[in-house]
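In: Fold the following.
(one chain, ligands or ions: 1)
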Amino acid sequence: MNILRAHDVSIAFGGVKALNEVGFDAIPGEVLAIIGPNGAGKTTLFNVVSGLYRPSSGHVELNGRDINGLPPHRLAGMGLSRTFQNLQVFTEMSLLDNVLVGRHLQERHSFLGDLLRLPSVARQYDASKSRAAELVRRVGLEAQTSAMAGTLPYGALRRLEIARALATEPKVLMLDEPAAGCNPAETRELGALIRSLADDGRAVVLVEHDMRLVMSISDRIVVLDRGRVIAKGAPADIRSNAAVIEAYLGRLGAEEAARA
Ligand SMILES: Nc1ncnc2c1ncn2[C@@H]1O[C@H](COP(=O)(O)OP(=O)(O)OP(=O)(O)O)[C@@H](O)[C@H]1O
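Out: Next up, the predicted model:
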């Protein structure tokens with residue numbers, strides 16, 4: 001049932017145990033949110049799962065295969081793709097070219113084939129170009145396909161980033177703070193897009209600080225605090241979970257909130 005599984009993952013930086021036996025499952029068709037206060041370990045978990053860090057213990061499995069220590073480009077080839085908190089778009093390139101760059105990871109062609117300009121390479125390029133245009137359309141940016149990315153408003157850049165991550169045809173899409181910097185209207189549109197990407201059958205895993213967005217699009221939520229999982233469940237359960245409220249507000253704040 002699950003396509004991505006983290007099992008008892010731990011990692012430390014110097015004396016700081018950033019993750020302590022953390023686990024979760026991601027399921028096709030679902031949005032799984034990873035939340036927690038600042039410094040809880042969310043980004044570190046993303047970095048472990050997407051191949052940037054190797055855990056000191058525990059395992060990450062993609063489609064039942066142990067992927068510990070595999071580099072991001074190998075993971076992309078196996079169906080896992082991610083975005084970053086800081087936008088990674090090329091502002092001097094068109095939207096289409098930005099997505100084509102992401103697509104490049106997916107293609108197989110030889111240096112010699114490129115050099116000789118083989119018809120098969122040209123055909124592959126045409127197919128990639130039309131798929132890239134389709135993905136630009138999929139994220140709602142078709143009117144700007146040929147525009148320079150740098151001319152877009154912030155919310156559109158966030159969508160472009162998602163189109164680029166989709167270019168490797170992932171089955172697992174990991175989004176690191178997809179709504180960071182967006183205004184409320186852009187955030188709502190992004191939420192609808194993210195939900196629809198999961199509804200298409202992908203497993204979507206996201207780290208996000210905007211609780212309204214998280215609560216409205218997630219099927220399940222994992223809450224981290226100081227490197228540990230303190231709660232897992234549906235949005236309604238998480239919203240009323242005492243340990244979660246305390247992690248966010250502190251014990252005194254939680255008591256005040258309960259009295260209010
Ligand atoms: N490369 C690193 N070197 C040393 N310490 C690190 C490193 N990366 C993370 N940490 C530490 O690990 C802990 C978890 O950090 P992490 O960035 O994963 O938290 P986070 O939940 O993503 O926080 P935020 O919401 O602020 O982005 C923090 O104490 C942080 O200082």
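
In: Show the pLDDT at residue 78.
Out: You'll see residue 78 listed with a pLDDT of 94.

In: Not counting sequence-adjacent ones, nearest residue to it?
Out: Of all residues not flanking residue 78 in the chain, residue 62 sits nearest, at 5.7 Å (C-beta to C-beta, 6 or more residues apart in numbering). All C-beta spots, glycine's among them, are computed from the backbone N, C-alpha and C.

In: quick one, what contacts the one you found?
Out: Shown in contact with residue 62 (C-beta atoms under 8 Å, 6 or more residues apart in numbering): 3-4, 75, 78-80, 172.

In: What distance do you get for it to residue 156?
Out: Distance check for residue 62 against residue 156: by C-beta to C-beta, to the nearest Å, it reads 30 Å.

In: Would you tell me which residues of this protein are close to the ligand?
Out: 13, 16, 18, 36, 38-44 (C-beta under 6 Å from any ligand atom).

In: Now the two most distant members of the residues you listed.
Out: Using C-beta to C-beta, the two most remote members of the residues of the chain next to the ligand are 13 and 36, lying 16.8 Å apart.

In: Who has more neighbours out of these two?
Out: More crowded of residue 13 and residue 36, by other C-beta atoms under 10 Å: residue 36, with 25 against 10.

In: Helix, strand, or coil at the closest residue to the more buried one other than its chain neighbours?
Out: Excluding the flanking residues, the one nearest residue 36 by C-beta to C-beta, 6+ apart is residue 224, at 3.7 Å. Following DSSP: H, G, I helix; E, B strand; the rest coil, residue 224 is assigned to strand.

In: Tell me who's in contact with residue 224.
Out: 22, 34-36, 40-42, 45, 230.

In: which among the residues you listed gets closest to residue 216?
Out: Taking C-beta to C-beta as the measure, residue 216 lies nearest residue 35 of those, at 13.3 Å.

In: Count the neighbours of residue 141 for me.
Out: 22.

In: ok, whichever residue of the stretch 51-200 of the chain sits closest to the ligand - how many residues close by?
Out: For the stretch 51-200 of the chain and the ligand, the shortest gap (C-beta to the nearest ligand atom) falls at residue 85, measuring 7.3 Å. Neighbourhood size, residue 85 [other C-beta under 10 Å]: 15.

In: Let me know whether it touches residue 180 as I believe.
Out: Yes: between residue 85 and residue 180 there is a contact under C-beta atoms under 8 Å: 6.1 Å.

In: Provide a list of residue ranges in the stretch 101-250 of the chain with pLDDT below threshold.
Out: Applying pLDDT under 70 to the stretch 101-250 of the chain flags the ranges 105-122.

In: now the strands for it?
Out: For the stretch 101-250 of the chain, the strands defined by DSSP state E, counting those that start in this stretch occupy 172-176, 203-207, 220-225, 228-233.

In: Break this structure down into its domains, please.
Out: As given by the TED database, the domain ranges for the chain are 1-79+172-259, 87-169.
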